[in-house]
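> Give me coordinates for this.
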Amino acid sequence: MSASDREGRSPQRESAAQQAMLLFMGEPMLEFNQLPPDAAGRVLYLEGHGGDTSNAAIAAARQGARAGYVTALGDDAAGASFRALWAREGVDARHVRTDASAFTGIYFVTHDEAGHHFTFYRTGSAAARMRPEDLPDDLCHGASWLHVSGISMAISASAADAVFRAIALARAAGCKVSFDTNLRLRLWPAARAAATMHAAIGMSDLALPSLEDATALTGLREPGAILDFYLGLAPMVVLKLGAAGAIAATREARWPIPPARVEAVDATGAGDCFAGALLARLSAGDALRDAARYANQAAALSTMGYGAVAPIPARADVLEALSR
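Have a look, this model is predicted:
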């Protein structure tokens, strides 16, 4: 099956019933991704689904993991579309609330020679109105990982507080925490982002900074120094280097992950695919180095189509690519 029709299929779930749940928390957003102009020169947009942690949840499900999502949606067509998407993908939505007085966010992706660019319409969205008291005490019972991101915290002060409560609930339940920086300076200034994210990472088991994010958040540029910094906060770090691959690290060892060569057309959501695939393999028992190599291949494959969700590969696709 081609990448273009994956969004509408059910994921492969290898022994998913025996796995602990992976929980993902944040803001889903309806996506409109710019396509190449048609014969008449018109700019067209492909409607799809986005939101970093939602993308990661779907990526995990397509690798065979049990995935669940935590958020709030508006009582609108976009919200209904997400519920239908998660049902198709096997993502558990029991912790998704409907806020009838708010809306589901949307964003546009445009492309030029400098890369891809985002325009967001999310202020006051249902997810941004999440509060700590909206989370049940048993949120993380039975879960092995909770995954959150900088965007999960940046969309509002109450959402940031909700993420801190979710992390506390995870720690109390013996659930590990993964944090992807996903810095968006349009949402908050770098100093506040750094203070908030680094406090959360200090409560986490795994940090997933990108090189660009880490430089903005710490002022450091050399990968080794960045790893030193984040390993001072969390016991496991995977530094994402984009097309150059990644470096997986613990406080005892570091492993360079070489790039996976593909013909990329759209990098939207590649880091989210990386996170979901990584957690899927960690939850299946892979060592960090092996899980990072797998996630790097999955993320590379996801850049071969347009949109954040449709090109996310299934496990069989990733294994085939790794075998080559």
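
> Double-check L46 against F108; I have them as touching.
No - here L46 does not reach F108: they are 10.8 Å apart, not a contact under Cβ atoms under 8 Å. Backbone N, C-alpha and C define where each C-beta goes, glycine included.

> got any residues that touch both of those two?
In terms of Cβ atoms under 8 Å, 6 or more residues apart in numbering, L46 and F108 are both contacted by the residues F32, N33.

> Name the residues of the helix or strand where H198 lies that are buried.
Using DSSP states H and E, H198 falls within helix 190-201. Burial within helix 190-201, assessed by neighbour count using 16 or more other Cβ atoms under 10 Å, is assigned to A193, A194, T196, M197, H198, A200, I201.

> What sits closest to the first one if chain neighbours are left out?
With Cβ to Cβ, 6 or more residues apart in numbering as the measure, L183 is the residue that lies nearest to A193, at 5.9 Å, once sequence neighbours are left out.

> Now do the SS call for G307.
Using DSSP: H, G, I helix; E, B strand; the rest coil, the structure places G307 in coil.

> residues contacting it?
E7, E31, N33, L46, G48, H49, G50, D266, T268, G269.

> what's the closest of these to E89?
Top of the list for closeness to E89, among the contacts of G307 and by Cβ to Cβ, is E7 at 8.3 Å.

> and the buried residues of helix 190-201 as a markdown table, adding distance to P235?
Shown next, in a markdown table, are these (distance: Cβ to Cβ, whole Å):
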| residue | distance to P235 |
| --- | --- |
| A193 | 22 |
| A194 | 20 |
| T196 | 20 |
| M197 | 17 |
| H198 | 15 |
| A200 | 15 |
| I201 | 11 |
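
> quick check, nearest of the residues you listed to A93?
Taking Cβ to Cβ as the measure, A93 lies nearest A200 of the buried residues of helix 190-201, at 23.9 Å.

> Would you mind confirming that that closest one makes contact with F164?
Yes - using Cβ under 8 Å, A200 makes contact with F164 at a distance of 6.8 Å.

> Give me the common contacts of those two.
By Cβ under 8 Å, 6+ apart, no residue touches both A200 and F164.

> In space, what's closest to M21 - neighbours in sequence excluded?
Nearest to M21 is A143, by Cβ to Cβ, 6+ apart, at 4.4 Å.

> D317 versus that neighbour, what's the distance?
Per Cβ to Cβ, to the nearest Å, A143 is found 26 Å from D317.

> for D38, helix, strand, or coil?
Three-state assignment for D38 (three-state DSSP): coil.
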